[in-house]
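> give me a 3D structure for the following:
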Amino acid sequence: MLHLHHHHYHHRLLLLSCSSNIFMASKYFLRPAPHNLPHTLLPTTSFISTNQLRPLQQQQQQHYHFSPKPLSISLNLSNQNSRFSTSAAVSNLVPVEEQPTEEDVTKNSLTLKQQLEKMGIPCNCKPGTYSRLRCHQCGGGDTKEKSLSVFITADGSTALWNCFRAKCGANGNIKAFGNGRASSGKVSPRIETSKTKRHITEESIGLEPLSEELIAYFGERMISAETLRRNSVMQKPGDEVAIAFTYKRNGELVSCKYRDINKRFWQEKETEKVLYGLDDIKGATDIIIVEGEIDKLSMEEAGFPNCVSVPDGAPCKVSDKDIPPEDEDKKYKYLWNCKEYLDKASRIILATDADQPGQALAEELARRLGKERCWRVRWPKKNNADVCKDANEVLMCLGSHALRKVIDQAELYPIRGLFTFRDFFDEIDAYYHCSMGYELGVSTGWRGLDDFYKIVPGELTVVTGVPNSGKSEWIDALLCNINEKEGWKFALCSMENKVREHARKLLEKHTKRPFFGASYAESVERMSPEELEEGKKWLSNTFHLIRCEDDSLPSVKWVLELAKAAVLRYGVRGLVIDPYNELDHQRPPNQTETEYVSQMLTKIKRFAQHHSCHVWFVAHPRQLHQWVGGPPNLYDISGSAHFINKCDNGIVVHRNRDAERGPVDQVEIYVRKVRNKVVGKIGDAKLSYDRVTGTFQDPDERGRV
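As a prediction, the model looks like this:
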C-alpha cells in the first residue's frame, strides 16, 4: 500500500456573520487574498528551468501576508446537518483589521526593495506582481537564464523569492513592518483557503495538433508520431509555439504543461496535480516513474506504456525532515491525488535522472511509496567516460533494446540495514583468495601460543588475570612483536600506567636492554643514549596515547571517539583499554550493571568491526575468596558474564608464584574462548618471562636472546 502517512488536523472555524456571511480563521483572523493574488509565483507566461519546475504554492501558503479584504462564503444555514446557526455566528464577531493605506504599501515595498538590493536581488516589480531575474546565488547556471522568481505581496508587506534551478534552489522571504523596517525570517504559515480547480478543455486553452516541424523535432529524439498521438501531445500557438503535454484522468483533461524548444517549462494554473500518463497505469501492478514527459514517451518506445512522469521535476536535495502529513505535502501532492492508482502497484521502478536532483527525487518518492516495493535503475554509459542522464538519452544514444535492458535489470531499492549476500560477494571473494590481508590472523610472535590464538583485525579480545599476574606486561610484549613483524600502530588507553613508566617498559622490550642500571638489571648493561633516542622515535611512530588529563575518569564513548581519530589520522590497527575498572561507568538508575556491560561491549565490538581495529580489553576478576593461587576463569570477571559472552577471544594470564610447582618466571596463557576457528582454538601455552627486559619467550628459546 502507498506509504503516505495520514494525519488528521482539526481546524478551528470561527463564524463571523453580517447577515449570512461566514469567515474561516485559525488562531488569527485570516484575510484572504484579493483576486489578483497569484496562485503560484509563476504566471502562465513565465518560464522555468530545465524540467525542475517547483511550484511555490507551499511557500505562498506559508508566507503570504493576505490583504485585509475578508472573503464571504455563503452557506445554506437551513441544512439540518449544520452545527452552526446565524445567532451563534453573530455572538462571535471578530473585528476586521484595517486595510493598509497606499502610503503604507509604498513605504513597505520600498523598504523591501532596498533590502533585496542589499542581498543582490535588484527587484523593481510593483506590489502584487512578479519579477523574473538572474539568480543572485547561481547566476542562472551555464545558460545564464533568469531562473529566480520574485514576488511582492499586494499590500507590500512581504517579498518572496525562489530559484527554480534544481542545482541551486535558493529561496527565502523578507517582511516589512509599518515603521519601514525589514525583517528576514520565516513568515507565519497561513491556512490554505479552498480553491475550485479549473475545468479545462483542449479548446478552452487553445491547443491544436502538432505541426510537422514539432513531429520532426520528436523524431530526432526517437519519439514516433504514433506515440505522440496516443499520448495526445499537442501544441499551443503564440509568439513562440510551445509543445503541450496534456495531463488526463479517465480520458479527461485535468492539466497541461508546456515546453518550448529552449527547454523552458510552464503550466496551467489552478489545475489538479497528477502524474503524466496516469491512465496508462490504471490497474497496473508494475509501473515505472520517470522525471520528465519525454522520458515517459521514450519508455513507451521501448515497450513500456505502464510509465508515468512526475509533473514538477526534482528537488535539489533530499529533505532531512520527516514526511509531512497529506495536507502539508504540497511538493508531492500529485502522489496523494493519484493514490488509488499507486496503491495497486506491487513493483514500482524509479527511473529518475542520473544527476543529484534526480537521485534526490527517487529517494523522496521511495520514502512515500514504500521502499520495500521500489526498484531503481542503473543508467548505462553512452561512451567511455559519461553515463546516460535519463531514459531519452539511452533511447537516442543506445537504442530501445538498451532501454529495455535497463528496466529488465532494475535492482531492488536499497533499504538501510537490509542486505542479501549478493551485496557482499566481492568481500567474500577477497576473503576466499586472502587478498584482504590478515584473513588467517597475525602471529603473536610465540610459536607455542600461535596454535591457539592469532590476532585478526576487527575482533575483541578480553584479557583477565589476578593482580600482578603480568596482564599488561604480556599485552605490551604482544604489541611489540606485532609491530616488529607487521608494522602495526596502536592506540593505548592505559590508565594505571604513568607515561614515563609505560615508555620504560615498552623501550626495554624493544631494545632488549634494561632502562636503568638498577638492581633489577642484574649484570645486563642498560640501554645506551643512542638506543634511547632511536627508541623514542620508535615510540612516537608506533604508539598513540589516549589519556584524560584532568581528574575525571574517561568514559568508553570518549575513548572510542579518540580511538576513531587515531585510526583515521594515523592508521592505527590495534587499541588497548587497560583496565575496565579505571573507566567512568555511570549508568541510568533503572539500568543494571549487566545491561550496562552488554551495551558497552557492543559499542566496542562495533568500533572494532567498523574500523578493522583489534581491541584488547583488560578486565580484573572480582575478589576471589579463599584463593589458593590457581588461575581464575572468564566468568570470574567483575561485572558481568557478558565479558565472555560477547568477546571474540577470551584469555587468562597467570603467573606461577610457587617454586615447588615450577619456575617462578613461567607465565601461563590460557586461551578460554576463540570464536573464529580459522585462527585459533581453546588451549594453554607457557611462556618464560625475563624480568630484566620485560620480554617473553617460548620456553625452549629461553637464553637465546
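
> tell me which helix or strand comes right after the lengthiest helix in the chain.
Among all segments of the chain classified by DSSP state H, the helix with the greatest residue count is helix 593-611. Proceeding C-terminally, helix 593-611 gives way to strand 614-618 as the next helix or strand, assigned by DSSP states H and E.

> now the strands: where do they sit in the stretch 51-200 of the chain?
For the stretch 51-200 of the chain, the strands identified by DSSP state E, counting those that start in this stretch occupy 73-74, 130-133, 148-152, 158-163, 171-176, 182-184, in order along the chain.

> residues contacting Phe452?
Neighbour list for Phe452: Ile669, Val671, Val674, Gly680, Lys681, Ile682, Gly683, Asp684, Ala685 [criterion: CB atoms under 8 Å, 6 or more residues apart in numbering]. Just so you know, the C-beta spots here come from the backbone N, C-alpha and C atoms, and that holds for glycine as well.

> buried residues in stretch 570-579?
Using 16 or more other CB atoms under 10 Å as the test for burial, stretch 570-579 gives Val572, Arg573, Gly574, Leu575, Val576, Ile577, Asp578, Pro579.

> again, but for stretch 275-284
Of the residues in stretch 275-284, Leu275, Tyr276, Gly277, Leu278, Asp279, Asp280, Ile281, Ala284 count as buried by neighbour count, 16+ other CB under 10 Å.

> how about JSON lines for the residues you listed, with pLDDT, distance to Ile546 and secondary structure added?
Below are the buried residues of stretch 275-284 laid out as JSON lines (pLDDT from 0 to 100; distance: CB to CB, whole Å; DSSP: H, G, I helix; E, B strand; the rest coil):
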{"residue": "Leu275", "pLDDT": "97", "distance to Ile546": "56", "secondary structure": "coil"}
{"residue": "Tyr276", "pLDDT": "97", "distance to Ile546": "59", "secondary structure": "strand"}
{"residue": "Gly277", "pLDDT": "97", "distance to Ile546": "60", "secondary structure": "coil"}
{"residue": "Leu278", "pLDDT": "97", "distance to Ile546": "60", "secondary structure": "helix"}
{"residue": "Asp279", "pLDDT": "96", "distance to Ile546": "65", "secondary structure": "helix"}
{"residue": "Asp280", "pLDDT": "97", "distance to Ile546": "62", "secondary structure": "helix"}
{"residue": "Ile281", "pLDDT": "97", "distance to Ile546": "58", "secondary structure": "helix"}
{"residue": "Ala284", "pLDDT": "95", "distance to Ile546": "59", "secondary structure": "coil"}
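
> follow-up on the earlier one: Ala641 is nearest to which of the strands of the stretch 51-200 of the chain?
When the strands of the stretch 51-200 of the chain are compared for distance to Ala641 using CB to CB, the nearest one is strand 171-176, at 57.2 Å.

> ok so, going back, any chance of the contacts of Phe452 in JSON lines with secondary structure and neighbour count as columns?
Conversion of the contacts of Phe452 to JSON lines gives the following (DSSP: H, G, I helix; E, B strand; the rest coil; neighbours: other CB atoms under 10 Å):
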{"residue": "Ile669", "secondary structure": "strand", "neighbour count": "25"}
{"residue": "Val671", "secondary structure": "strand", "neighbour count": "20"}
{"residue": "Val674", "secondary structure": "strand", "neighbour count": "22"}
{"residue": "Gly680", "secondary structure": "coil", "neighbour count": "23"}
{"residue": "Lys681", "secondary structure": "coil", "neighbour count": "11"}
{"residue": "Ile682", "secondary structure": "coil", "neighbour count": "12"}
{"residue": "Gly683", "secondary structure": "strand", "neighbour count": "15"}
{"residue": "Asp684", "secondary structure": "strand", "neighbour count": "15"}
{"residue": "Ala685", "secondary structure": "strand", "neighbour count": "21"}
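
> what's the closest of the residues you listed to Lys339?
Looking at the contacts of Phe452 and their distance to Lys339, the nearest is Val674, at 55.6 Å (CB to CB).

> how close does the residue nearest the centre of the chain get to Arg376?
Residue closest to the average C-alpha location in the chain (CA atoms, centre = their mean): Asp320, at 7.7 Å. Taking CB to CB, to the nearest Å as the criterion, Asp320 is separated from Arg376 by 21 Å.

> mind telling me what element the most far-flung residue of the chain relative to its centre is part of?
In the chain, the residue that sits farthest from the middle, by CA atoms, centre = their mean, is Glu660; the gap is 64.4 Å. Mapping Glu660 onto the secondary structure by DSSP H and E places it in no helix or strand at all.

> appreciated, that's everything.
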